[in-house]
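> predicted model follows, preceded by the sequence.
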Amino acid sequence: PENNMISGEYLAKLGVDFVLTGGTTVSEESFAIEVMLLEARTRRYLWAEHFQGKLIPTEILNVRDEVANSIARTLAQPYGIIFSNKARETDGRPPEFLDSYDYVIRFYQYYRTFDYNVFESVRTGLERAVLMDPGYADAFACLSQIYSDAFRFSYALPDPRIDPRQRALLLAHRSIQLAPNSSRGYHALGHAYWFNGDVAGALAAFGAGLTLNPNDTDLMADLGLRYANLGRWQDALPLLEGSYARNLAQPGTYRVGLAQYHYVHGRYEDALAEARKINAPHVLYGFVLIAAAAAQLDLHQEAREALEQLLALDPNFGDRIVSDLTLRHIHADIISAVLDGLRKAGLTGREMGGRLGPGPSPGRLSM
């Protein structure tokens, strides 16, 4: 229906949460398209975008594709408008009143900052969701990523007999079985492979997901981050920069890859600017990069404050830093460069020694 014909009675009959609507204007030489997203309950417009082109066949087809891609990126992404709107609705609601979709929404809220304080409630909620709704592929994918996080961040599980990496693999495979054409199962599988030590398998899974959905900016950024960890800058940069260009709501956590890129190339001011945007106060790796870059710039107070926050999360990180970063498949030259900055910041520990063994320099792989 036309926008002015969308009445409350009509929306009630539809029984939907959102309505995507719009219109076209055609002149002798050009055309314009306006697309809008309406929240059905409040009749409030959440998003609108305008597209225009010349009235020729090739231009019409190009604008058609642009409209479709913009809608997919802006509305349907895990951090897009619809998910963000639903996330606000679930805030403060006790878990027992949430349905399966709301558990998935809460996962993506958690995933913005990896907040340990809500980790267990999200995990138990998703466990409940896969039991209540065993055909819901997204719930299996999100739960898989939760178990990958349990391993990579050393988050405690109620049953110490559970191997989080194996459970993550099983859940990811189940998600793909349920929805073989969805990118989210492959995103989860990429994480599961990565933290099980299968780098090639992880990159293949991430790539398969991105092939299925080139508009999945979350997956695009995550694959870019993995390439950045490996020092493969020519692969990493287009994905990381492209994901933020397409989706302004993208979580800051993926900026770790951009901060690494600038840092290992000696652009410490750019590295520090990216690291400040990471916004994951419960995870120490943003503080690692802030401390290292600030120390290289002789910003001693900022380096000291970041180091204090890092040590508050893990007082013994200096004793295991090389082992930890190696386990995450961080390139040896990136580790060595970060160690140099952290030594200047004042971090001490058993593994805060000299440069690591030889390896291909990430700098030689840069754009």
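Okay, I see it.
> find the helix or strand that the most centrally placed residue in the chain is a member of.
Within the chain, one residue has its C-alpha closest to the average C-alpha position: by C-alpha atoms, centre = their mean, that is residue 218, at 4.6 Å. According to DSSP states H and E, residue 218 maps onto helix 217-229.
> coming back round to it: any idea how far the residue nearest to the centre of the chain is from residue 209?
Taking C-beta to C-beta, to the nearest Å as the measure, residue 218 falls 10 Å from residue 209. From N, CA and C alone the C-beta is placed, and that goes for glycine too.
> mind listing the shared neighbours of those two?
Contact criterion C-beta atoms under 8 Å, 6 or more residues apart in numbering; residues shared by residue 218 and residue 209: residue 187.
> for the next helix or strand after the helix holding residue 218, list every residue counted as buried.
Under the assignment DSSP H and E, the closest C-terminal helix or strand after helix 217-229 is helix 233-246. Buried residues in helix 233-246, counted by 16 or more other C-beta atoms under 10 Å: 233, 235-237, 239-240, 243-244, 246.
> do the same with stretch 311-322
Within stretch 311-322, the residues scored as buried using 16+ other C-beta under 10 Å are 311, 317-318, 321-322.
> ok so, going back, got CSV for the buried residues of helix 233-246, with pLDDT and distance to residue 201 too?
Formatted as CSV, the buried residues of helix 233-246 follow (pLDDT from 0 to 100; distance: C-beta to C-beta, whole Å):
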residue, pLDDT, distance to residue 201
233, 98, 22
235, 98, 17
236, 98, 18
237, 97, 23
239, 97, 18
240, 97, 21
243, 91, 22
244, 90, 27
246, 81, 26
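> where does the stretch 151-300 of the chain have low pLDDT?
Nowhere does the stretch 151-300 of the chain drop to pLDDT under 70.
> so which residues of it form helices?
With helices called from DSSP state H, counting those that start in this stretch, the stretch 151-300 of the chain shows them at 164-178, 183-195, 199-212, 217-229, 233-246, 255-264, 268-276, 285-296, 300-313.
> who wins for proximity to residue 48 among these?
helix 233-246 (17.7 Å; C-beta to C-beta).
> now the closest one, how far from the chain's geometric center?
Centroid separation between helix 233-246 and its chain, computed with C-alpha atoms, centre = their mean, to the nearest Å, is 13 Å.
> helices or strands up against that helix?
For helix 233-246, the elements it packs on are helix 217-229, helix 255-264, judged by 3 or more C-beta pairs under 8 Å, 6 or more residues apart in numbering; DSSP states H and E.
> tilt between the shortest one and helix 217-229?
Computed with axes from the mean of the first three to the mean of the last three C-alpha atoms, to 10 degrees, the direction of helix 255-264 lies at 30 degrees from that of helix 217-229.
> output the contacting helices and strands for helix 255-264.
helix 217-229, helix 233-246, helix 268-276, helix 285-296, helix 332-345.
> give me the contact list for it.
Residues outside helix 255-264 that contact it (C-beta under 8 Å, 6+ apart) are 221, 224-225, 227-229, 231, 233, 236-237, 240-241, 268, 270-272, 274-275, 277-278, 285-286, 289, 292-293, 296, 333-334, 337-338, 341, 362-363, 366.
> out of these, which end up buried?
Among the contacts of helix 255-264, the ones that count as buried by 16+ other C-beta under 10 Å are 221, 224-225, 227-229, 231, 233, 236-237, 240, 268, 270-272, 274-275, 278, 285-286, 289, 292-293, 296, 333-334, 337-338, 341, 362.
> from residue 270, how far off is residue 152?
Between residue 152 and residue 270 the computed distance is 26 Å (C-beta to C-beta).
> oh, I was asking about residue 144
According to C-beta to C-beta, residue 144 and residue 270 sit 34 Å apart.
> same check on residue 132?
47 Å.
> correct me, but residue 115 touches residue 283?
No: counting by C-beta atoms under 8 Å, residue 115 stays clear of residue 283, with 9.2 Å between them.
> more neighbours: those two, which one.
A count of neighbours by other C-beta atoms under 10 Å puts residue 283 above the other of residue 115 and residue 283, at 20 against 15.
> which residues touch the nearest residue in space to that one that is not next to it in sequence?
Spatial nearest neighbour of residue 283, excluding adjacent residues (C-beta to C-beta, 6 or more residues apart in numbering): residue 114 at 5.1 Å. Contacts for residue 114 were tallied using C-beta under 8 Å, 6+ apart; they are 149, 153, 253, 280, 282-283.
> equivalent analysis for residue 352, please.
Contacts of residue 352 by C-beta under 8 Å, 6+ apart are 318, 321, 339, 342-343.
> related to what we said a few turns ago, just send the buried residues of helix 233-246 back as CSV, with distance to residue 168 too.
Output for the buried residues of helix 233-246, formatted as CSV (distance: C-beta to C-beta, whole Å):
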residue, distance to residue 168
233, 28
235, 24
236, 23
237, 28
239, 22
240, 24
243, 23
244, 27
246, 27
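> what helix or strand is the spatially closest residue to residue 130 that is not a sequence neighbour on?
Take residue 130 and drop its neighbours on the chain: the residue closest to it by C-beta to C-beta, 6+ apart is residue 139, 5.1 Å away. Here residue 139 sits within helix 137-152, counting by DSSP H and E.
> what angle do that helix and helix 199-212 make?
Interaxial angle of helix 137-152 relative to helix 199-212 (the same axes, to 10 degrees): 150 degrees.
> count of neighbours near the residue nearest to residue 269 when sequence neighbours are not counted?
Spatial nearest neighbour of residue 269, excluding adjacent residues (C-beta to C-beta, 6+ apart): residue 297 at 6.5 Å. When neighbours are counted by other C-beta under 10 Å, residue 297 registers 16.
> likewise the one 10 residues further on?
A total of 23 residues lie near residue 307 under the criterion other C-beta under 10 Å.
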